[in-house]
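3D model of this:
(one chain, ligands or ions: 1)
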Amino acid sequence: MIVAKTLAEFAQAYSNLENKADIGFVPTMGALHEGHISLVKESAKRCSHTVVSIFVNPTQFNNKQDLETYPRTLEADCKLLEECAVDIVFAPRVIDIYPQEDTRVFDLGGLDNYGEGPRRPGHFNGVAQVVTRLFDIVKPAYAFFGEKDFQQVAIIKYFVKDLNYPLTIVPCSIIRESDGLAKSSRNTLLTPAQRAAAPHIYKTLCKAVELKGKYSPKEVAAILAKEIDENPELETEYIEIIDADTLRPIENWNDAENLRLWCAVYARPVRLIDNIGL
Ligand code: PAF
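Numbering: from 1, shown residues only. A predicted model of the protein is given here:
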């Protein structure tokens, strides 16, 4: 496993890969956990080579404090990846990814009009900037993304198709702690009291299945939000039941074939997101 910390180091390591047409790519911002490792394993299973990038992308943070406190644990990350079949860890500097300011504005097909989009202005455009830049450098055949960021996966699929990138996006299921909390790098920022409260989010979301027969989608969302907020450590920002294909919140249960319930909940100042299929 080679750890490339500059574009030049990556180019050197890349030139030594035997089968460049069959690269699996796992883009990450580091602070790796079992969720990331499941993506890496999926890539190793499918592809001749696996490249993992570790880059805390400044252009997708709309909150300076979130960018500053985002956990950075390169050494521990590399130790974890040593145990997987990874060929290259690409941990570039900001200047390698953005030699000059990236002013590109992407067509995201309106998929950023809902959920995280309006609450984190510019976030998904920043994701598109970094992901396209990384795709141009790594040139993968497959790229693996976790469904915890359900909207991110939908948006990446959209612009990959729109821009004709010759690669396949592979969405991978959410990995949870044994108490149900979705694995996330931000979980390490929770206080012990918040960490103990956080599984209440997923447990509550699961109740949507039984409430579905009795209430409208908006009513179900309101009931769940109220229940989450009963825990003093938690504060729901939004819960929406959406059409999983267009990401549009639904009014009636038969408005869409594939339904997803997604939410963002504060354990201040940490913001946790989760989603389940319905
Ligand atoms: O999901 C993430 O960790 C990031 O948004 C990604 C895809 C690595 C882009 O910075």
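
quick one, what contacts the residue nearest in space to the middle of the chain?
Centroid-nearest residue in the chain: Asp149, 3.7 Å away (criterion: CA atoms, centre = their mean). Shown in contact with Asp149 (CB atoms under 8 Å, 6 or more residues apart in numbering): Ile273. Every C-beta, even on glycine, is put in place using the N, C-alpha and C of the backbone.

Determine whether the claim that it is in a helix is correct.
Yes. Asp149: assigned to a helix according to DSSP: H, G, I helix; E, B strand; the rest coil.

Any figure for the gap between it and the ligand?
Asp149 sits 5 Å away from the ligand, going by CB to the nearest ligand atom, to the nearest Å.

cool, and Ile37?
Ile37 is 14 Å from the ligand, where distance means CB to the nearest ligand atom.

CA atoms only for the strand or helix carrying that residue - export them in PDB, please.
Ile37 is part of helix 34-46, with elements assigned from DSSP states H and E. Provided in PDB are the C-alpha atoms of helix 34-46 (Å, rounded to 0.1, in the frame of the first residue of the first chain):
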ATOM      1  CA  GLU A  34     -16.400   0.300   9.600                       C
ATOM      2  CA  GLY A  35     -18.800   2.100   7.200                       C
ATOM      3  CA  HIS A  36     -15.800   3.200   5.000                       C
ATOM      4  CA  ILE A  37     -14.100  -0.200   5.400                       C
ATOM      5  CA  SER A  38     -17.200  -1.900   4.100                       C
ATOM      6  CA  LEU A  39     -16.900   0.200   0.900                       C
ATOM      7  CA  VAL A  40     -13.200  -0.600   0.600                       C
ATOM      8  CA  LYS A  41     -13.900  -4.400   1.000                       C
ATOM      9  CA  GLU A  42     -16.600  -4.100  -1.700                       C
ATOM     10  CA  SER A  43     -14.100  -2.400  -4.000                       C
ATOM     11  CA  ALA A  44     -11.500  -5.000  -3.300                       C
ATOM     12  CA  LYS A  45     -14.000  -7.800  -4.100                       C
ATOM     13  CA  ARG A  46     -15.000  -6.300  -7.400                       C
END
